[in-house]
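Trainee: Build the 3D model from these lines:
(2 chains)
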Amino acid sequence: MSTLVTLLRLPRGPDPNGRGFDPNSTRFVALCPTTISASTETWTDSVEVGEEQRARSALRESFLRTLIAMTNKQVQFHMYERVEVEARFGASDIDVLNFQVSELQTPIGVQKEALLRCQDVISYSFDL
Amino acid sequence: MILTSQSETKVSMAMRQTPLTCSGHTRPVVDLAFSGITPYGYFLISACKDGKPMLRQGDTGDWIGTFLGHKGAVWGATLNNEATKAATAAADFTAKVWDAVTGDEVLTLAHKHIVKSVNFTQDSSCLLTGGNDKIIRIYDLNKPEAEPQEITGHTSAIKKALWCNNDTQILSAADDKTVRLWDRNSTEVVKQLSFDMSVSSMEYIPDGEVLVITYGKTIAFYNALSLDMIKTVDAPASIHSASLHPDKDFFVAGGDDFKLYKFDYGTKEELESYKGHFGPVHCVRFSPDGELYASGSEDGTLRLWQTAVGKTYGLWKCVLPGEFSCLIPNE
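Mentor: Numbering: from 1, shown residues only, chains lettered A, B, ... in the order given. All right, here's what the predicted structure looks like:
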């Protein structure tokens, strides 16, 4: 008579919402140099670190606000391979990997709904 | 998995292998590689035709992250010993180097055709690539913009290119039915093996300098320095990949019939065969500690198999007769 080996649990699968690499994991915390330039030298001036972090927060907030402001507006995308397209911006995904757009004007016609891969976008502009 | 204990009849139980299934990929898994043993355990990377290679904890199969960026099927993937860097080879004509801790893409190396194989030197300073343009390239990762050193000679697409002999030589297998040993400095061929058919896979074991080659139904073992044949073993079905246990007592192989085979290396005897995959097995590798082996299949899954079935290790728990265990997966 043979028995199946017991499992403590099943392996954890991918997170559908993100690409993983948990910044709170022991390995990440131990191996990743901090991206705050002020503290890569030595943690001397906490005022400098604080200022830099404030600046980063302000920039991040203003970027997120531009995404909100862009909703339903006509946006011109300047992309690699000399691609210039215009579309009505819908939304971004959480990792800013894809932009959902409508009425994408391309040289071969208008695409009713499309996803633009953010890594292919060099810059974009719109009127407020 | 719910298990209730046996009644108190027999002490010795035949334990049935329970593979751990790692899902997440949506297309066939074509290559996989383990890192060395690091202070954080060891890790596993899988290459998939869905273009999204994944990093997993090696002993549990837990997903850690997905490397996003390739625009085509990923044919080859590797980790450096410390699992701090990853490299991938893809059908989008690029090889990419990644930070394996953050998941960020660090370098894209443009090629002129599909890239099939990537391999780091022991110190992670150089990356070897090989693919359908038949050229082996050596990139200095400290000077990534510099032109790579090129090694030409193969007359068909390269399947695998590996550093060997302390990174002073290179072993390559191609669709021209040859396996060649090259000197890294002179870029000349040192020795060559010719076969009647294409080699399906190649594994290099630095400790003991053993080369494992598969072709047709055969698993062949060679001395990696001299390319002298040590022995060959035939399996019941066409084999796509094989791996030798670090202690060189067993080897495992998988291929067309969806099964994993375990053989005794010394006697060449087939010891076990395991069903589980729903498609041909494309790649199989032992973990660096030899406690488990991982297989990747056309069915899109990776499975982890115990070397010593029934032993407590990773997510497997040894249940002694008489013990009542009710275990339900909580995720």
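Trainee: mind listing what's buried in the lengthiest helix in chain A?
Mentor: Looking across chain A with DSSP state H, the single longest helix is helix A:46-70. Residues of helix A:46-70 classed as buried: A:49, A:70 (neighbour count, 16 or more other Cβ atoms under 10 Å in any protein chain shown). Any C-beta I mention is one placed from the backbone N, CA and C, and that applies to glycine too.
Trainee: Poorly predicted segments of the stretch 51-200 of chain B, please.
Mentor: Of all residues in the stretch 51-200 of chain B, none has pLDDT under 70.
Trainee: how about the residues of it near chain A?
Mentor: Contact residues, the stretch 51-200 of chain B versus chain A (Cβ under 8 Å from any Cβ of the partner chain): B:54-56, B:60-69, B:84, B:101-103.
Trainee: Show me what residue B:234 is bridged to.
Mentor: Beta-bridge partners of residue B:234, counted by DSSP bridges, are residue B:218.
Trainee: can you list the residues of chain A near chain B?
Mentor: Residues of chain A lying near chain B (Cβ under 8 Å from any Cβ): A:1-15, A:19-23, A:25-28, A:30-32, A:97, A:119.
Trainee: What's the PyMOL line that selects buried ones from those residues?
Mentor: Buried residues among the residues of chain A next to chain B (16+ other Cβ under 10 Å), as a PyMOL selection:
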select buried, chain A and resi 3+5+6+7+10+11+12+13+14+19+20+21+25+27+28+31
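Trainee: Go through the residues of chain A next to chain B and flag which are in strands.
Mentor: A:2, A:3, A:4, A:6, A:7 (DSSP state E).
Trainee: could you dump these to JSON lines with pLDDT?
Mentor: Below are these laid out as JSON lines (pLDDT from 0 to 100):
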{"residue": "A:2", "pLDDT": "67"}
{"residue": "A:3", "pLDDT": "76"}
{"residue": "A:4", "pLDDT": "76"}
{"residue": "A:6", "pLDDT": "88"}
{"residue": "A:7", "pLDDT": "92"}
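Trainee: Which of the residues you listed sits closest to residue B:302?
Mentor: Nearest to residue B:302 among these, counting by Cβ to Cβ, is residue A:7 at 15.7 Å.
Trainee: Please tell me how far residue B:225 sits from chain A.
Mentor: Distance from residue B:225 to chain A, counting by Cβ to the nearest Cβ, to the nearest Å: 35 Å.
Trainee: My guess is that residue contacts residue B:210. True?
Mentor: No: using Cβ atoms under 8 Å, residue B:225 makes no contact with residue B:210, being 10.0 Å away.
Trainee: Between those two, which is the more surrounded one?
Mentor: residue B:210 (19 against 15; other Cβ atoms under 10 Å in any protein chain shown).
Trainee: Now do the contacts for that one.
Mentor: For residue B:210, the contact set (Cβ atoms under 8 Å, 6 or more residues apart in numbering or on different chains) comprises B:204, B:221, B:222, B:223, B:224, B:230, B:244, B:248.
Trainee: Please spell out the ChimeraX selection for the buried subset of those residues.
Mentor: Buried residues among these (16+ other Cβ under 10 Å), as a ChimeraX selection:
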select /B:204,221,222,224,244
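Trainee: per-residue confidence for residue 45?
Mentor: In the absence of a named chain, chain A is used. Per-residue pLDDT puts residue A:45 at 64.
Trainee: I was after chain B.
Mentor: According to the prediction, residue B:45 has pLDDT 98.
Trainee: from what I can see it touches residue B:29, true?
Mentor: No: the criterion here is Cβ under 8 Å, and residue B:45 misses it with residue B:29 at 10.7 Å.
Trainee: Looking at those two, which one has more neighbours?
Mentor: The neighbour count for residue B:45 versus residue B:29, taken as other Cβ under 10 Å, is higher for residue B:29 (32 against 27).
Trainee: How about that one: what's its closest non-neighbour residue?
Mentor: residue B:296 (3.2 Å; Cβ to Cβ, 6 or more residues apart in numbering or on different chains).
Trainee: Please name the strands paired to the helix or strand where the one you found lies in the sheet, noting orientation.
Mentor: For residue B:296, the host element (DSSP states H and E) is strand B:292-297. Based on DSSP bridges, the pairing partners of strand B:292-297 within the sheet are strand B:281-286 (antiparallel), strand B:302-306 (antiparallel).
Trainee: now it: how far from the chain's centre is it?
Mentor: Chain-centre distance of strand B:292-297: 8 Å, with Cα atoms, centre = their mean, to the nearest Å.
Trainee: pLDDT on that strand, on average?
Mentor: For strand B:292-297, the per-residue pLDDT averages 98.
Trainee: got it, and stretch B:214-230?
Mentor: The average of the pLDDT scores along stretch B:214-230 is 97.
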